[in-house]
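Enquirer: just to be clear, the model below is a prediction. Sequence and coordinates:
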Amino acid sequence: MKNKWITPFLLAVGVACTRYVLYEPLFFASLFVCIVFQSLVFLILIQGVLCHRYRFSFIEIIYVSLGLHLLYCFAMPILSNDVYRYGWDGWLLLNGVNPLAVTPNAMVAKRPDWIPWLPPDHRFISTLYPPFALALFSFLRLIWASPMIYGLTMTFFNLCSLALLRVIVRKLSIRQDYLALFAWHPLLLLESAHGGHIDAVGTFIFVIAIWAYVEKRYFLVLLSILSAAYIKIWPIIFLPLFVPRSSWKTKEFIVTFLYILGFISLYSISETSGLWVYVKTWEFNGILYTVMQQLVSNISARLACLIIFLIGYIYLLRQKNVMTLEKAAWVLGLFFICSPVLYPWYLIWSIPFLVLNSHRFILALSLCVPFSYYVLPNYLELGQWQESPWAIYGIYFLVFMLWYLFKTKIFRCAKIGIDSENPVRNINGLEIQNSSLKNT
């Protein structure tokens, strides 16, 4: 107990070193060293929390989290250019232009004076972000033009997620020091406070959906998941999990229909449509897609990944002896494995499950996925985005090896159950079993 502050201190050292090396020439080797260091420290932290050696109050957790976020916030993003697209889309919307209908190249052909605001990448396609994300971009662009506003904003939403997760864990009788597994996660800090990725906002809305599910407020669950899908589209996969069939009444069908109708009306199928180009051609760090692509064509590989996901998804939905939060974590893990595109910041959505059921596969994936940044040196120096299948195989070999070790060797002292003396509780009619330390 008296040494519990060693791991937060070492995490802060790792974050500070990462923040420093990002702006040094030839920083990639040093960055990977920092990632490994933070991951090892975080594993020690998890071991201490799950084995009841470390106990942290909520105030301690939130203050440390805020400090770790702020170490990243006041610096320009290096690992991704997404925030510059956010600023461009927000600028268009503020000037009465629909970012979903026009490409950056076409826009500056009409307005050359807007060239200083051009995003560095993907200028030939319209935005792929849904309307709630675009509304937030325009609001933030109105406040401050600097890309640093996104890191500060995502820090705020991470703290909001943390506060709501506290309400959930108290409801489920999960020890509140598990909140450190979300609040201090190295990936969450890097991709939201530094990268400024909008996924932190979507994750907050998703946490609202989880809270509403625990409270059995299913219409709010529906609204929350649909709202999250207007930040990033794919959270729609959680609807069948969190909204029981018995809860689907007229208003639920009407709201869902209006969402689908609005989505269809906003997007088009064309060679300049951002969403269409993303679905049809983008690929990054997808293990199943990489394997399938060695065997069949691009389109066939994508269809195969979709079919495998749907089979696994239906199988998980039909499991009656698995709790809903556990199913949701597996659905998300399956989606990540089957997706042709898996950027590191996508994993932000999964980190709440480390608090709710300490999902070991999600933990392994979230610690290993930052190694996919190996592609950046060639891109920054030569302008070539070139992946290596063998590098992807190596990353996922590490993922599955860690998952195996987490199940068999590490965290063996952990006790199963939300409350070790009462592992199954009936809350508002929901029978919820903690798989917090289950071999998942």
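Expert: Sure thing, it's come through.
Enquirer: the residue nearest the centre of the chain and His197, how far apart?
Expert: Nearest to the mean C-alpha position of the chain, counting by C-alpha atoms, centre = their mean, stands Ile348 at 2.4 Å. For Ile348, the distance to His197 (C-beta to C-beta, to the nearest Å) stands at 7 Å. Placement of C-beta: from N, CA and C, glycine included.
Enquirer: for Leu354, what are its contacts?
Expert: Contact partners of Leu354, counting by C-beta atoms under 8 Å, 6 or more residues apart in numbering, are 46, 178, 181-182, 185, 362-363, 366.
Enquirer: out of those residues, who's the most crowded?
Expert: Highest neighbour count within the contacts of Leu354, by other C-beta atoms under 10 Å: His185, with 29 neighbours.
Enquirer: phi, psi for Arg318 please.
Expert: Torsion angles at Arg318 (phi, psi; degrees, to the nearest 10) stand at phi -90, psi -10.
Enquirer: ok, it - how many residues close by?
Expert: Arg318, neighbours per other C-beta under 10 Å, totals 9.
Enquirer: tell me how many other residues crowd Asp177.
Expert: 21.
Enquirer: doesn't it fall inside a helix?
Expert: Yes. Remark: Asp177 belongs to a helix, assigned using DSSP: H, G, I helix; E, B strand; the rest coil.
Enquirer: that one is in contact with Cys51, isn't it?
Expert: No. Using C-beta atoms under 8 Å, Asp177 is not in contact with Cys51; the gap is 11.4 Å.
Enquirer: which strands and helices sit next to the host helix or strand of Phe219?
Expert: According to DSSP states H and E, Phe219 maps onto helix 218-229. Applying 3 or more C-beta pairs under 8 Å, 6 or more residues apart in numbering; DSSP states H and E, we find helix 218-229 packed against helix 199-214, helix 239-242, helix 250-266.
Enquirer: how far off centre is that helix?
Expert: 17 Å (C-alpha atoms, centre = their mean, to the nearest Å).
Enquirer: before we move on, what about stretch 223-232?
Expert: Centroid separation between stretch 223-232 and its chain, computed with C-alpha atoms, centre = their mean, is 14 Å.
Enquirer: what of stretch 302-310?
Expert: Mean-position distance between stretch 302-310 and its chain equals 21 Å (C-alpha atoms, centre = their mean).
Enquirer: among the contacts of Leu354, which one sits closest to Lys4?
Expert: Ile46 (12.9 Å; C-beta to C-beta).
Enquirer: hmm, back to that, widest-spaced pair of the contacts of Leu354?
Expert: Tyr178 and Ser366 (15.3 Å).
Enquirer: name the nearest residue to Val102, ignoring sequence neighbours.
Expert: Ser126 (6.1 Å; C-beta to C-beta, 6 or more residues apart in numbering).
Enquirer: can you show me the strands along the protein?
Expert: Ranges of strands in the chain, per DSSP state E, are 424-427, 430-433.
Enquirer: where are the low-confidence patches of the protein?
Expert: 1-2, 25-26, 382-383, 410-440 (pLDDT under 70).
Enquirer: again, only using 50
Expert: By pLDDT under 50, the weakly predicted segments of the chain are 415-439.
Enquirer: re earlier: and the residue nearest to Val102, what does it touch?
Expert: So Ser126 contacts 99-103, 272-274 (C-beta under 8 Å, 6+ apart).
Enquirer: at 10 Å instead, please
Expert: 89, 92, 98-104, 106-107, 267-268, 270, 272-277 (C-beta atoms under 10 Å, 6 or more residues apart in numbering).
Enquirer: Leu316: how many residues sit nearby?
Expert: With other C-beta under 10 Å as criterion, Leu316 counts 18.
Enquirer: cool, and Val296?
Expert: 12.
Enquirer: do the same with Leu164
Expert: That count, for Leu164 with other C-beta under 10 Å as the rule, works out to 16.
Enquirer: ok so, going back, kindly provide the distance from the residue nearest to Val102 to Ala135.
Expert: Distance of Ser126 to Ala135, given as C-beta to C-beta: 16 Å.
Enquirer: what about the residue lying closest to Glu191 once chain neighbours are set aside, how many neighbours?
Expert: Sequence neighbours aside, Trp345 is the residue nearest to Glu191 in space, at 3.9 Å (criterion: C-beta to C-beta, 6+ apart). Neighbourhood size, Trp345 [other C-beta under 10 Å]: 24.
Enquirer: list the residues that contact Trp345.
Expert: 79-80, 82, 154, 187-188, 190-192, 195-200, 369-370.
Enquirer: could you do Leu118 as well?
Expert: 84-85, 88, 91, 104-105, 107-108.
Enquirer: out of these, who has the most neighbours?
Expert: Pro104 leads those on contacts (other C-beta under 10 Å) with 25 neighbours.
Enquirer: got a list of what that residue touches?
Expert: Applying C-beta under 10 Å, 6+ apart, the residues near Pro104 are 85, 88-89, 92, 114-115, 117-127.
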